[in-house]
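# coords please:
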Amino acid sequence: MVHTPHVIWFTGLSGSGKTTLAFALKEALAASGIERIYHLDGDHLRQGINADLGFSLQDRDENLRRAAHIANLFWQEGYWVLASFITPLNSQQAMIRRVFPAERFLEVHLNTPLATCQQRDPKHLYAKTTAGEIFQMTGVQSPYEPPLAPELRLDTTVLDVEAALERLLTGISDYQLRCPTSPAG
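Presented below is the predicted three-dimensional model:
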């Protein structure tokens, strides 16, 4: 694998496997000798830097704008950035793409059906939505628009973590071969 830093942006519904796959990729990249890797997760930003934001469309846009620019700061310093964010709207997905050079950005859509995500429900968000404790849940009360042209689309209902990681690593390698290598920034 070429070691030129990239931003890998994982998008999909809550429970689709974004964070799980990002952690698996981080381990695989480290095992290949890459030392500068940063995982940027939506849940962590919402607990800190973005704690002032709610879930209105404007707040979701701002949450993702901030996330993209934080990711860009790390990428410019030579880090591989693995970003796990639902990123529900095509307009938000397009905004994020504009922050990065096309040859250094890969959007990975975890195309996992809502029913599967509801069954997994690792953070109990869908159960809380059903109980009326959460409003504007993406995929339930708020829309999720699958990316129009992601570099990679993975269905974690048919791929376990190892198989999804294998496809992801192959996708990254193929992408790097198609794009010129140059330093970050």
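# what comes into contact with the lowest-mean-pLDDT helix or strand in the chain?
Ranking every helix and strand in the chain by mean pLDDT, DSSP states H and E puts helix 125-130 at the bottom, with a mean of 86. For helix 125-130, the external contacting residues (CB atoms under 8 Å, 6 or more residues apart in numbering) are 14-15, 117-118, 121, 134-135, 137, 140-141. Where you see a C-beta, it was placed from the backbone N, CA and C, and this is true even at glycine.
# buried ones in that helix?
125-126, 129 (16 or more other CB atoms under 10 Å).
# So in the protein, which helix runs the longest?
For the chain, the longest helix by residue count, based on DSSP state H, is helix 57-76.
# Report the buried residues of that one.
Judged by neighbour count (16+ other CB under 10 Å), helix 57-76 contains these buried residues: 60, 63-64, 67-68, 70-72, 74-75.
# Then stretch 127-143?
Neighbour counts over stretch 127-143 (16+ other CB under 10 Å) mark 129, 134, 137-140, 142 as buried.
# rewinding a little: after the longest helix of the chain, next one along is what?
Downstream of helix 57-76, the first helix or strand assigned by DSSP states H and E is strand 80-84.
# contacting residues around the helix or strand following that next one?
Where DSSP H and E defines the elements, the next helix or strand beyond strand 80-84 is helix 90-99. The contact list for helix 90-99 (CB under 8 Å, 6+ apart) reads 9, 11, 60-61, 64-65, 67-69, 71-72, 87, 105, 107, 145, 147-148.
# Okay, buried residues for helix 90-99 please.
92-93, 96-97, 99.
# List just the nearest of those residues to Pro113.
Nearest to Pro113 among these: Gln93, at 19.2 Å, using CB to CB.
# Just send the contacts of helix 125-130 back as a markdown table, with secondary structure, pLDDT and distance to Ala164 too.
Shown next, in a markdown table, are the contacts of helix 125-130 (DSSP: H, G, I helix; E, B strand; the rest coil; pLDDT from 0 to 100; distance: CB to CB, whole Å):
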| residue | secondary structure | pLDDT | distance to Ala164 |
| --- | --- | --- | --- |
| Ser14 | coil | 94 | 17 |
| Gly15 | coil | 93 | 14 |
| Cys117 | helix | 88 | 15 |
| Gln118 | helix | 90 | 20 |
| Asp121 | coil | 86 | 19 |
| Ile134 | coil | 84 | 27 |
| Phe135 | coil | 84 | 31 |
| Met137 | coil | 86 | 24 |
| Val140 | coil | 86 | 24 |
| Gln141 | coil | 87 | 28 |
